[in-house]
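*Asks:* Give me a model of this one.
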Amino acid sequence: IFLTVLQFPGTWLTALMATVYAWHYHWERIGVRTLIIVFVIAGVAEIVEALSGVMAAKRGGASRRAAWYGLLGGVAGALLLSIPVPIIGTIIGAAIGCFVGAFVAEVSQSRGLAAGTRSGLYTAAGRTMGTVFKTAASLVVAIIVILAALA
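*Replies:* As a prediction, this is how the structure comes out:
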């Protein structure tokens with residue numbers, strides 16, 4: 001869960017470790033059905049997180065270019081602020097990066113400051129909600145794996 005918040009593949013690592021654990025115990029403690037559920041949740045969470053900023057940007061009236069710049073800005077911002085301020089910096093960096101990316105794209109297309117600000121805010125909010133969703137999914141995956149291992 002901690003790795004997921006830092007924008008690392010924490011959900012996928014949990015799923016992978018659950019698979020190794022299941023294999024080690026001859027699929028008796030964690031079954032294939034549980035692993036399929038875990039991998040589906042991880043996949044859906046990944047897709048939702050990746051596209052949430054883009055979808056929110058489109059909802060806010062952003063151009064296609066602004067939506068994609070927001071996505072790239074979010075990744076760059078998360079990486080840049082993760083180093084000086086771990087955890088919180090990653091989340092804030094992703095939101096700031098989304099805003100800046102969408103804003104720059106809109107202003108460079110001469111759509112104006114108001115359109116840039118609106119697109120940036122929607123993109124940042126969408127990315128943040130995507131991160132919250134993925135973190136919640138990571139928690140659900142961890143609970144499923146722990147309960148299956150203990151059963």
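*Asks:* in the chain, what spans have low per-residue confidence?
*Replies:* Flagging of the chain using pLDDT under 70 yields the residue ranges 6, 8.
*Asks:* Quick check, central residue of it?
*Replies:* By Cα atoms, centre = their mean, the chain has its centre lying nearest to E49, at 3.5 Å.
*Asks:* Would you check how far apart that one and C98 are?
*Replies:* Using Cβ to Cβ, to the nearest Å, E49 is found at 12 Å from C98. (Glycine included, C-beta is placed from N, CA and C.)
*Asks:* what touches both of the two?
*Replies:* R127 (Cβ atoms under 8 Å, 6 or more residues apart in numbering).
*Asks:* And for I96, the neighbour number?
*Replies:* Residues near I96, counting by other Cβ atoms under 10 Å, number 21.
*Asks:* now the helices for the protein?
*Replies:* Taking DSSP state H as the criterion, the chain carries its helices at 2-5, 10-24, 32-59, 64-82, 88-108, 113-150.
*Asks:* So which of those helices is the most surrounded?
*Replies:* The highest mean neighbour count among the helices of the chain, using mean count of other Cβ atoms under 10 Å, belongs to helix 88-108: a mean of 23.
*Asks:* what packs against that one?
*Replies:* Judged by 3 or more Cβ pairs under 8 Å, 6 or more residues apart in numbering; DSSP states H and E, helix 88-108 is in contact with helix 64-82, helix 113-150.
*Asks:* With only the CA atoms kept, save that helix in PDB.
*Replies:* This file holds the C-alpha atoms of helix 88-108, laid out as PDB (Å, rounded to 0.1, in the frame of the first residue of the first chain):
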ATOM      1  CA  ILE A  88       3.200  13.500   0.200                       C
ATOM      2  CA  GLY A  89       5.500  15.000  -2.400                       C
ATOM      3  CA  THR A  90       4.600  12.200  -4.800                       C
ATOM      4  CA  ILE A  91       0.900  12.900  -4.500                       C
ATOM      5  CA  ILE A  92       1.300  16.700  -4.600                       C
ATOM      6  CA  GLY A  93       3.800  16.500  -7.400                       C
ATOM      7  CA  ALA A  94       1.400  14.400  -9.500                       C
ATOM      8  CA  ALA A  95      -1.400  16.900  -9.000                       C
ATOM      9  CA  ILE A  96       0.800  19.900  -9.700                       C
ATOM     10  CA  GLY A  97       2.300  18.200 -12.700                       C
ATOM     11  CA  CYS A  98      -1.200  17.500 -14.100                       C
ATOM     12  CA  PHE A  99      -2.200  21.000 -13.600                       C
ATOM     13  CA  VAL A 100       0.900  22.500 -15.200                       C
ATOM     14  CA  GLY A 101       0.800  20.100 -18.100                       C
ATOM     15  CA  ALA A 102      -2.900  20.800 -18.900                       C
ATOM     16  CA  PHE A 103      -2.500  24.500 -18.300                       C
ATOM     17  CA  VAL A 104       0.600  24.900 -20.600                       C
ATOM     18  CA  ALA A 105      -1.100  22.900 -23.300                       C
ATOM     19  CA  GLU A 106      -4.200  25.100 -23.300                       C
ATOM     20  CA  VAL A 107      -2.400  28.400 -23.100                       C
ATOM     21  CA  SER A 108       0.000  27.300 -25.900                       C
END
